[in-house]
Every structure is written in C-alpha cells, then in structure tokens.
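1. Need coordinates for the below:
(one chain, ligands or ions: 2)
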Amino acid sequence: MSKHTFVLNGKAVTVDVDDDLRVLWVLRDILGVRGPKYGCGINVCKACTSHFNGKAFNPCSVRIADVKADDEITTIEGLPGTVGTDLHPMQQAWLDHDVAQCGYCQPGQIMAAVAKVKQARAEGREIDDNDLDEIRNVCRCGTYSRIREAIKAGAARM
Ligand code: FES
Ligand code: FES
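-> Residues are numbered from 1 along each chain as shown. Ligands and ions are numbered 1, 2, ... in the order given. I've put the predicted structure just below:
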C-alpha cells in the first residue's frame, strides 16, 4: 500500500492503495464516485470514460501509480462544475433528446462526447460525422442515433 494524491473533480484527494490498483476501482470502491461505470475492465467497452487532464480516458486501464499529484481527473459528477452550472450543456442535450434507455453506458457516452467536442475545438473546428464515428463507447441498448443527435445539439451550446 502507498499513498497516492491527485485532483478529483476540482479537489485534491489522497488514497492509500496498492500501486497496481486501477483508477476505476479507486474511484468507485475507495472514493465512492460511481458515475464511471464498470463494463469490461479491459479498456474495450468505454463505460468508464472520464477525463484525464481534459482528455477522454478509461480509468479501468490506468494504474493509480501512474497518476501524479497535479493530474486532474473529472468524472460525470464533476462535469457541471467545469462550466459552473447545475448541468453541463451536453447533459441538458441528453435530456432534451431523451437519449438514455437503461442508462448504464450514458455517463461514459457524455464524457466521451464532451472530450470529442473539445478536441475538435482545439484543432480549430467543429465536430463532424467522422468525429462521431470515432467514439467507440458501446451501448447495448442501441441508442446510437439519439446519442449522435444529442452530441450535435450539446456541442452547439458549448
Ligand atoms: S470498463 Fe473501462 S473500458 Fe470497459
Ligand atoms: S442505454 Fe443501456 S447500454 Fe446504453
């Protein structure tokens, strides 16, 4: 066991866990932050998608020992705080388009969507259908068409 500090949703946190424990289990089981979902545990389904220093990442595939004290992890719980509102515009778009079915994949879908919009903006452009095709988050309920519409609407409000 050893101590690991990082910034979670805007606040510094410290955990005392094995170096090899993956960040998803630190978030869910140690810190009680359960927005990032466990699906596969091997970086395939993307249900756990969150942000690492502003970019999409999958905490099931990152060792806690590889997270530094000034690294910022944002989960769906902290997403509204990044824009200072009760709901992030992408979350509002999800509600407006009634996207969720069972809902299990949706936190990861929203986090992937926000990261993709930010990535495109950093490249000086808006998201397009190719960007949407690159989002590989699995939805077993097949809500993909509503997800795509919501991402476009959410992006327009970001
Ligand atoms: S649980 Fe992380 S990618 Fe599937
Ligand atoms: S809404 Fe059920 S898995 Fe996506």
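2. Roughly how far does the spatially most central residue of the chain sit from residue 156?
-> The chain has residue 50 as the residue nearest its centroid, 2.4 Å off, counting by CA atoms, centre = their mean. For residue 50, the distance to residue 156 equals 24 Å [CB to CB, to the nearest Å]. Every residue, glycine included, has its C-beta placed from N, CA and C.
3. is ligand 2 contacted by stretch 100-115?
-> Yes - Stretch 100-115 lies within reach of ligand 2 by CB under 6 Å from any ligand atom, at 100, 101, 102, 103, 104, 105, 106.
4. what about stretch 44-62, start to end distance?
-> Counting by CA to CA, to the nearest Å, you get 13 Å between the two ends of stretch 44-62.
5. please begin residue numbering at 25 from this point
-> In the new numbering, first residue 25, that becomes stretch 68-86.
6. buried ones in it?
-> Using 16 or more other CB atoms under 10 Å as the test for burial, stretch 68-86 gives 69-76, 80-84, 86.
7. sorry, back to before: possible to save the residues of stretch 124-139 next to ligand 2 as JSON lines with pLDDT, secondary structure and neighbour count?
-> Converted to JSON lines, these look like this (pLDDT from 0 to 100; DSSP: H, G, I helix; E, B strand; the rest coil; neighbours: other CB atoms under 10 Å):
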{"residue": "124", "pLDDT": "98", "secondary structure": "coil", "neighbour count": "20"}
{"residue": "125", "pLDDT": "98", "secondary structure": "coil", "neighbour count": "14"}
{"residue": "126", "pLDDT": "98", "secondary structure": "coil", "neighbour count": "10"}
{"residue": "127", "pLDDT": "98", "secondary structure": "coil", "neighbour count": "13"}
{"residue": "128", "pLDDT": "98", "secondary structure": "coil", "neighbour count": "17"}
{"residue": "129", "pLDDT": "98", "secondary structure": "coil", "neighbour count": "24"}
{"residue": "130", "pLDDT": "98", "secondary structure": "helix", "neighbour count": "24"}
